[in-house]
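Enquirer: how would this look folded up:
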Amino acid sequence: MSSASSNIVFDDIFTINAIDKEGKKFDRVSRLYARSKNHDMDMTLDFNVELFPLSEGQSFAMALASTLFSSGGGDVAEAEDKDRNIWRPDGKGVKGLEEEYDYVMFGKVYKFDGGGEIVTAYASFGGLLLSLTGSFRHMAGIVLGDPVFILLRK
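Expert: Residues are numbered from 1 along each chain as shown. You can find the predicted model right below:
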């Protein structure tokens with residue numbers, strides 16, 4: 001892979017319209033509803049409020065990445081081998097995209113709805129759910145069944 005940007009399959013700035021508008025179901029998890037600034041996308045996301053507190057009206061950066069590997073050069077096999085050392089508990093692993101963000105979750109894209117101009121991608125991050133709705137053109141890199149990292153930054 002030639003650059004970190006090739007690993008990022010979607011990114012935009014979102015502004016929160018509402019949090020827990022259907023009621024709060026869990027102590028440490030809230031559901032935010034947000035609209036993106038650049039691509040006119042709508043997002044619903046479950047997040048841990050203790051690890052990443054957010055409030056209505058707040059804006060944040062969100063990226064979806066196929067891998068955390070961020071240094072350029074090398075082939076895909078080499079990149080995947082180095083990826084195995086990212087996020088080691090002892091902190092001695094290779095530094096990746098997670099260094100640029102405040103909150104990162106790993107999950108899987110499990111569903112797509114719609115077949116026209118507007119589509120919705122769904123991903124689950126250990127039970128915390130994401131839905132992202134908008135033009136299919138902005139979601140071309142999001143692949144059904146693929147693992148995905150969501151990265152958030154205030």
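
Enquirer: Hmm, Leu64 is touching Asp12, no?
Expert: No - contact between Leu64 and Asp12 fails when scored by C-beta atoms under 8 Å: they sit 9.8 Å apart. From N, CA and C alone the C-beta is placed, and that goes for glycine too.

Enquirer: Of the two, which one has the most company?
Expert: Higher neighbour count among Leu64 and Asp12: Leu64, with 23 against 20, using other C-beta atoms under 10 Å.

Enquirer: Helices along the protein, start to end?
Expert: If DSSP state H is used as the criterion, the helices of the chain fall at 76-83.

Enquirer: low-confidence ranges in the chain?
Expert: By pLDDT under 70, the low-scoring segments of the chain are 1-5, 71-94.

Enquirer: For it, which segments are assigned as strands?
Expert: Taking DSSP state E, the strands of the chain run over residues 8-19, 29-36, 42-48, 59-65, 103-113, 118-125, 128-135, 147-153.

Enquirer: Given the fourth one, what are its sheet partners and their directions?
Expert: Strands flanking strand 59-65 in the sheet, each with its direction: strand 8-19 (antiparallel), strand 147-153 (antiparallel) (DSSP bridges).

Enquirer: Put together a markdown table for those strands, with distance to Tyr110 on each row.
Expert: Below are the strands paired with strand 59-65 laid out as a markdown table (distance: least, C-beta to C-beta, whole Å):
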| stretch | distance to Tyr110 |
| --- | --- |
| strand 8-19 | 15 |
| strand 147-153 | 10 |
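
Enquirer: which one of these lies closest to Ala123?
Expert: strand 147-153 (5.6 Å; C-beta to C-beta).

Enquirer: can I get the CA coordinates of stretch 134-148 in PDB?
Expert: Extracted C-alpha coordinates of stretch 134-148, given in PDB (Å, rounded to 0.1, in the frame of the first residue of the first chain):
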ATOM      1  CA  GLY A 134     -25.800   8.500   1.700                       C
ATOM      2  CA  SER A 135     -24.600   8.400  -1.900                       C
ATOM      3  CA  PHE A 136     -23.100   5.000  -2.900                       C
ATOM      4  CA  ARG A 137     -20.200   7.000  -4.500                       C
ATOM      5  CA  HIS A 138     -18.800   8.000  -1.100                       C
ATOM      6  CA  MET A 139     -19.000   4.400   0.200                       C
ATOM      7  CA  ALA A 140     -17.400   2.500  -2.700                       C
ATOM      8  CA  GLY A 141     -14.500   1.300  -0.500                       C
ATOM      9  CA  ILE A 142     -16.800  -0.200   2.200                       C
ATOM     10  CA  VAL A 143     -17.200  -3.900   1.400                       C
ATOM     11  CA  LEU A 144     -19.900  -6.200   2.800                       C
ATOM     12  CA  GLY A 145     -18.300  -8.900   5.000                       C
ATOM     13  CA  ASP A 146     -15.000  -7.000   5.400                       C
ATOM     14  CA  PRO A 147     -13.400  -6.200   8.700                       C
ATOM     15  CA  VAL A 148     -13.300  -2.400   9.400                       C
END
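
Enquirer: Many thanks, we can stop here.
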